[in-house]
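# what would the 3D arrangement of this be:
(one chain, ligands or ions: 2)
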Amino acid sequence: MIIVLKPETAAAMQAKLVAQFGSKTELFTHHNRIAIQGIQPADLPADVVAAADDLITDVPAAVQSSRLLHPENTVIKTPHSVIGGDQFVMMAGPCSVESADHVMAMAKVAKQRGATVVRGGAFKPRTSPYSFQGLGEAGLQALRAAADANDLDMITEVMDDEHVPMVAKYTDIFQIGARNMQNFSLLKAVGRTQIPVALKRGMSATIDDVLNAAEYIAAGGNHQIMLLERGIRTFDHKYTRNTFDLGAVPVLQKLTHYPVIVDPSHAVGEWDLVTPMAMAGVASGASGMIVEIHDRPTEALSDGPQALKPKTYLKMAQQAFQLHDLMTSWN
Ligand SMILES: O=C[C@H](O)[C@H](O)COP(=O)(O)O
Ligand SMILES: C=C(OP(=O)(O)O)C(=O)O
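Ligands and ions are numbered 1, 2, ... in the order given. As a prediction, this is how the structure comes out:
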């Protein structure tokens with residue numbers, strides 16, 4: 001259950017509850033709230049009940065992710081971005097880091113229209129073991145250099161818990177890919193760091209699966225989490241790579257305090273569908289977008305069909321910021 005304490009006595013009552021239940025159960029405090037697993041109102045001392053504004057008994061398993069414990073938005077600050085604040089955050093770059101020169105050029109394009117984060121995979125989760133697997137640490141170095149030269153933050157995928165210390169040396173944001181959303185060792189490993197984590201929704205993951213995956217990260221002590229909607233598998237993928245579940249954006253925002261980011265590139269998989277769905281992603285109320293760009297998509301080492309060429313990206317990004325500004329003016 002979650003006990004919402006009156007602010008004036010919250011600290012004293014929390015201390016009392018921690019002393020009484022702390023060794024027996026999972027217990028989390030946030031401002032004037034305290035979540036204690038596995039107890040009922042009848043288990044509480046009378047003075048705690050008297051000091052409570054509310055006793056919430058219907059509490060989800062992913063309690064640290066829940067707005068019931070943490071009502072206000074989480075805002076993540078990286079060197080060049082504020083994610084989950086008032087500004088829309090643009091993350092752009094190639095699917096894979098292909099070479100130092102290429103990612104440098106793509107970072108420059110990303111920056112031209114307001115991106116504050118450059119993306120690129122150095123470890124690639126490919127369907128086939130014979131497809132390009134990424135440049136590894138050399139890719140991380142190239143992406144770091146491209147980010148630094150353009151005053152951008154870096155986001156990159158970490159696929160393996162053993163790689164977490166290596167990727168941590170370079171990146172500002174860990175990306176956990178859709179295929180690894182329930183790789184619990186990996187979630188625990190990034191949860192032990194204090195580096196922001198962008199958790200992509202698994203292809204067949206329910207909302208509760210996403211929230212519980214985020215909870216693994218929070219349970220380790222890392223609360224800098226953002227959730228990425230990148231499309232799910234449904235029944236008809238003849239024309240789109242995945243089904244962009246934009247309903248998930250306001251649902252996640254209602255249930256959790258973490259910023260929600262949209263990935264129209266992986267959602268639709270075809271470049272000419274990316275701009276309209278990117279706009280839909282902005283309209284859904286997301287805090288930001290991650291989008292793939294490439295100057296020669298037909299030669300891309302991964303996901304070329306969904307990459308926006310620079311000119312198309314620049315137009316899309318301009319429209320995305322304009323739409324976000326318009327929506328902000330309505331509030
Ligand atoms: O980011 C790259 C791709 O989305 C991912 O690696 C899977 O693509 P593939 O099925 O072409 O390997
Ligand atoms: C592999 C990626 O995406 P996803 O995990 O969503 O498939 C990616 O963004 O590079």
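# okay, CA-based contacts and neighbour counts for the rest of this
Will do.
# and the residue of the stretch 151-300 of the chain nearest ligand 1?
residue 266 (6.4 Å; CA to the nearest ligand atom).
# typed the wrong thing, it's the chain
Ranking the residues of the chain by distance to ligand 1 (CA to the nearest ligand atom) places residue 126 first, at 3.3 Å.
# give me the number of residues near that residue?
13 (other CA atoms under 10 Å).
# I'd say it and residue 133 touch.
Yes. With contact defined as CA atoms under 8 Å, residue 126 counts as touching residue 133 (6.6 Å).
# how close does the closest residue to ligand 2 within the chain sit to residue 11?
Using CA to the nearest ligand atom, the closest approach of the chain to ligand 2 is made by residue 177 at 3.3 Å. Counting by CA to CA, to the nearest Å, the gap from residue 177 to residue 11 is 39 Å.
# returning to that earlier point: list the contacts for the residue of the stretch 151-300 of the chain closest to ligand 1?
Counting by CA atoms under 8 Å, 6 or more residues apart in numbering, residue 266 touches 230, 231, 241, 242, 306.
# can we see that at 10 Å?
95, 178, 229-232, 240-244, 274, 290-292, 303, 306-307 (CA atoms under 10 Å, 6 or more residues apart in numbering).
# so what does the residue of the chain most remote from its centre look like in phi/psi?
Using CA atoms, centre = their mean, the residue of the chain lying farthest from its centre is residue 46. It sits 40.7 Å away. Here the main-chain torsion angles of residue 46 (degrees, to the nearest 10) amount to phi -60, psi -40.
# just the pLDDT for it.
Reading off the confidence values, residue 46 has pLDDT 95.
# before we move on, what about the one 5 residues further on?
Per-residue pLDDT puts residue 51 at 95.
# thought it was touching residue 33?
No. Contact between residue 51 and residue 33 fails when scored by CA atoms under 10 Å: they sit 11.5 Å apart.
# state the distance from residue 180 to residue 158.
For residue 180, the distance to residue 158 - CA to CA - is 9 Å.
# for residue 116, what are its contacts?
Neighbours of residue 116 in contact, by CA under 10 Å, 6+ apart: 78-82, 88-92, 107, 110, 147, 150-154.
# mind checking the SS state of it?
When classified by DSSP: H, G, I helix; E, B strand; the rest coil, residue 116 comes out as strand.
# same check, this time on residue 198
Applying three-state DSSP: residue 198 is strand.
# what's the burial count for it?
Residue 198: 23 neighbours (other CA under 10 Å).
# now the one 4 residues further on
A count of nearby residues for residue 202, using other CA under 10 Å, gives 24.
# surely it touches residue 232?
Yes. Residue 202 is in contact with residue 232 according to CA under 10 Å; the separation is 7.2 Å.
# what touches both of the two?
Counting by CA under 10 Å, 6+ apart, the residues touching both residue 202 and residue 232 are residue 178.
# contact residues of the chain facing ligand 1?
95, 124, 125, 126, 127, 128, 302, 303 (CA under 6 Å from any ligand atom).
# let me have those in CSV, adding distance to ligand 2 and pLDDT as columns.
Below are those laid out as CSV (distance: CA to the nearest ligand atom, whole Å; pLDDT from 0 to 100):
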residue, distance to ligand 2, pLDDT
95, 5, 98
124, 6, 98
125, 6, 98
126, 8, 98
127, 10, 97
128, 13, 98
302, 9, 98
303, 9, 98
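# nearest to residue 37 among those?
residue 125 (36.4 Å; CA to CA).
# measure residue 195 to residue 178 for me?
19 Å.
# ok so, going back, surely the residue of the stretch 151-300 of the chain closest to ligand 1 is within a strand?
No. Checked against three-state DSSP, residue 266 lies outside a strand; its state is helix.
# isn't residue 73 up against residue 225?
No. Counting by CA under 10 Å, residue 73 stays clear of residue 225, with 11.3 Å between them.
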